[in-house]
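Q: Sharing a sequence plus its predicted fold:
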Amino acid sequence: MKKEEKEKLSFNRIHELTENLTLGELAQQVITEQFHRMSKPAKRVLEDTDPEHLHQMRVSTRRLRTAMQIFDRAILLPKRADRKQVRNLARILGAVRDLDVQIASLQNEYQPQFEQTEQKQIQFAIKALKKQRVTAFQAMKTALNDRPYKALQTAFTNWIEQPKFHPIAHLPLLTVLPDVLSPLVAEVLLHSGWTIAQDNIAVESETLHDLRKVCKHARYQTEFFKPFYGEPFHNWIEEIKQIQDRLGSFQDTQVLQSLLNEAIGNQAELPQLQEKIQQTQAEALSTWDATRQKYLDQNFRYHLHQMLLHPTLHRDRVHPELVGEISSN
């Protein structure tokens, strides 16, 4: 079908196409899109001129891995299109990206605020982190030029051209959506992090870090299905993102402290920096008790599960490429 003809699809036809969308068809579109988004920045990542390219590649790699997991029952991927390999790639990219974030934080947020004595100490720490980054970047460069990565690229390219599916992939998406998403909500709601009171955050930071990862994982997965739910679903995803961001800000300060310990040792010599870190931590989790009580509330938990049981079609939110692909089949 020509482009002009696709654009002339009637409102009712688009409704018909998307209502008949299968789990496998959405899986194919999501996997394809995330793979291309992961692959596209690779050259610029190696050029190392703008940290945003690395950030985008890392996020897309994580999203691809997430898509592989959530559509696992529907898609039949080649052996070399391995989720473990994608996870390892995300970890290698993340090692460089995390250093970029901490270096930028020290340079832009912390260092300019302090007296000259602490500025010199922080500058020493920045130099140490940049040295670590050279090593991490070389490992990333090796990985992106190595055989496993190229084999991964080939495997996904081949699958995209000739996708294979499990039988469950042919079921209507709107029929199976509650079954697909309910485990994600359960994973969030059953996490022990919600039981940690604000006064105990310092000693339970690892559990909260894990909750942050669970929230991020759930957010990535649920975002694939935004076209098929209404505003309450969208609002919940935004709320999960905010929780993830606040927990992330707290975690970033802990990572920063760990890196500073490695770089300059005794941080007692940086009282202004320590005060600023403590302030950032307090602000990040200032509303934690109210948030966790909400997620422990029986009515709220019931509401989330009920929301998933009623997917609804929002034609204006369906990816236009997906409509085009289905209409040509």
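A: Structure received.
Q: buried residues in the host helix or strand of T175?
A: Per DSSP states H and E: T175 is located in helix 173-189. By 16 or more other C-beta atoms under 10 Å, the buried positions in helix 173-189 come out as 173-174, 176-178, 180-181, 184-185, 188-189. Where C-beta positions appear, they are placed from N, C-alpha and C, glycine not excepted.
Q: Same question for stretch 241-248.
A: 243-244, 246-248.
Q: At which residues are the helices of the stretch 1-150 of the chain located?
A: Secondary structure of the stretch 1-150 of the chain by DSSP state H, counting those that start in this stretch: the helices cover 3-7, 11-19, 23-39, 42-47, 51-70, 83-105, 116-144, 147-161.
Q: Out of the ones you listed, which gets nearest to T222?
A: helix 51-70 (9.2 Å; C-beta to C-beta).
Q: Compute the inter-axis angle for the closest one and helix 83-105.
A: Orientation check (axes from the mean of the first three to the mean of the last three C-alpha atoms, to 10 degrees): helix 51-70 against helix 83-105 gives 150 degrees.
Q: Check which residues of helix 51-70 are buried.
A: 51, 53-68, 70.
Q: tell me the strands in the stretch 201-329 of the chain, going along the chain?
A: Counting by DSSP state E, counting those that start in this stretch, no segments of the stretch 201-329 of the chain form strands.
Q: In contact with L304: list those residues for me.
A: Neighbouring residues of L304 by C-beta atoms under 8 Å, 6 or more residues apart in numbering: 185, 189, 236.
Q: how much space between the closest residue to the first one other than its chain neighbours and T222?
A: Nearest-residue entry for V185: L304, 5.3 Å, with adjacent residues in sequence omitted and distances by C-beta to C-beta, 6 or more residues apart in numbering. Counting by C-beta to C-beta, to the nearest Å, the separation of L304 from T222 is 11 Å.
Q: which neighbours do the two share?
A: W236.
Q: K294: neighbour count?
A: Counted by other C-beta atoms under 10 Å, the residues lying close to K294 total 14.
Q: got a pLDDT number for it?
A: K294 is assigned 97 on the pLDDT scale.
Q: and if you look at K120?
A: For K120, the model assigns a pLDDT of 85.
Q: go on, K276?
A: For K276, pLDDT reads 88.
Q: I'd assumed P112 was in contact with it.
A: No: if you go by C-beta atoms under 8 Å, K276 and P112 don't touch, sitting 11.3 Å apart.
Q: neighbour count winner among these two?
A: Ranked by neighbour count (other C-beta under 10 Å), K276 and P112 place K276 first, with 17 against 9.
Q: Pull the number of nearby residues for the residue lying closest to the more buried one once chain neighbours are set aside.
A: Nearest residue to K276 in three dimensions, chain neighbours excluded: Y110, at 6.1 Å (C-beta to C-beta, 6+ apart). Y110 has 21 neighbouring residues, counting by other C-beta under 10 Å.
Q: got the contact list for Y110?
A: Here Y110 is in contact with 122, 273, 276 (criterion: C-beta under 8 Å, 6+ apart).
Q: biggest helix in this protein, by residue count?
A: Longest helix of the chain, by residue count under DSSP state H: helix 231-264.
Q: chain center to it: distance?
A: 12 Å (C-alpha atoms, centre = their mean, to the nearest Å).
Q: For D48, give me phi and psi.
A: phi 60, psi 40 (degrees, to the nearest 10).
Q: Once you drop chain neighbours, what's closest to it?
A: D48 sits nearest to F137 (C-beta to C-beta, 6+ apart), 6.8 Å away.
Q: V96 is in contact with the one you found, correct?
A: Yes: contact criterion C-beta under 8 Å: F137 and V96 qualify, at 5.4 Å.
Q: okay, those two: which has more neighbours?
A: V96 (24 against 18).
Q: Go ahead and confirm the more buried one touches H55.
A: No: the criterion here is C-beta under 8 Å, and V96 misses it with H55 at 10.1 Å.
Q: residues of stretch 223-238 that come out buried?
A: 224-225, 227-229, 233, 236-237.
Q: no wait, stretch 155-167
A: For stretch 155-167, by 16+ other C-beta under 10 Å, it's 155-156, 159, 163, 165.
Q: quick check, nearest of those residues to S105?
A: F156 (34.1 Å).
Q: Tell me which residues touch the closest one, please.
A: 31, 35, 77, 81.
Q: Using TSV, please lay out the residues you listed together with pLDDT, neighbour count and distance to K130.
A: Converted to TSV, the contacts of F156 look like this (pLDDT from 0 to 100; neighbours: other C-beta atoms under 10 Å; distance: C-beta to C-beta, whole Å):
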residue	pLDDT	neighbour count	distance to K130
I31	96	22	36
F35	97	24	32
L77	96	18	38
A81	94	23	35
